[in-house]
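J.: I'd like to go over a predicted model; first the sequence, then the structure.
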Amino acid sequence: MVIPQFQSCGVAFKEWAGVCDALFQGRQSVIIRKGGVSEGAGPGIFVPECSEFWLYPTWVHQAEQGLRGDAAEVPSAQPSRPEAVGSVPIRGLVRVDQIGRVESEKALPALEEFHTLTCETILKRFHYRKPGLWVLGARVWLRDSVLPVVATPEHAGCKTWVILDQPIATSGLSPVFDEIQWAEHRSRLRSILGSED
């Protein structure tokens, strides 16, 4: 069985709490980014700063999140809140094992099975500045229990990456998708993105 590459990870990636929960529950299996957040490896190339990272849920503009499914109708879509004030619940580790770029708006509907964002949100991101989106295949492993991490001033602000005070061990994690399920996901996503591994 494929397991996280490293014994511990001290890096986290900020993402909407609703998206994090969708990733944890297997309702989403990609991370969608416009780019332009210091991950460029050259012109027209997008490479995440880290290929493995913890998800760091954020509640900024939570009420305005453009996610499909009314939270009142779909209780499982409600993002989990931290139990302790001033803490962030760390639950899932992501490994990015596939990266592709969508250049045509016509390809966006085919991506809907892989994410929970609304069409309006996706279109807004797609057309922001220059048309196009980066799509990261995100395999997720979960901890048995949520680990509350103290949110420090260094974590605040409009930044994508967060350096944790202490690396968190990756042992004992369980994959959201098993090997067969993830292979099927990757194959379908690859057919849309036209990427090669």
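T.: Cool, the structure landed. Quick caveat, the model's predicted, so the values are computed rather than measured.
J.: State the distance from the residue minimising distance to the centre of the chain to residue 87.
T.: Nearest to the geometric centre of the chain sits residue 31, at 4.1 Å (CA atoms, centre = their mean). Here the distance between residue 31 and residue 87 works out to 23 Å (CB to CB, to the nearest Å). Quick note: C-beta positions are derived from backbone N, CA and C, even for glycine.
J.: So the residue nearest to the centre of the chain belongs to a strand, correct?
T.: Yes. When the secondary structure is assigned by DSSP: H, G, I helix; E, B strand; the rest coil, residue 31 falls within a strand.
J.: from what I can see it touches residue 20, true?
T.: No. Using CB atoms under 8 Å, residue 31 is not in contact with residue 20; the gap is 10.1 Å.
J.: just to revisit the earlier point, could you list everything the residue nearest to the centre of the chain pairs with in the sheet?
T.: Residue 31 has the following beta-bridge partners by DSSP bridges: residue 136.
J.: Now do it, the pLDDT please.
T.: The predicted local confidence for residue 31 comes out at a pLDDT of 94.
J.: ok, now residue 12?
T.: In this model, residue 12 carries a pLDDT of 94.
J.: need the contact list for it.
T.: Contacts for residue 12 (CB atoms under 8 Å, 6 or more residues apart in numbering) come out as 53, 54, 55, 56, 90, 149, 161, 162, 163, 164.
J.: what's the weakest-modelled helix or strand in the chain?
T.: For the chain, scoring each helix and strand by mean pLDDT, DSSP states H and E identifies strand 40-42 as the least confident one, at a mean of 49.
J.: Name the residues of stretch 182-197 that are buried.
T.: 182, 185, 186, 189, 192, 193 (16 or more other CB atoms under 10 Å).
J.: give me the element the fourth one is part of.
T.: Which is residue 189. When secondary structure is defined using DSSP states H and E, the element that contains residue 189 is helix 179-193.
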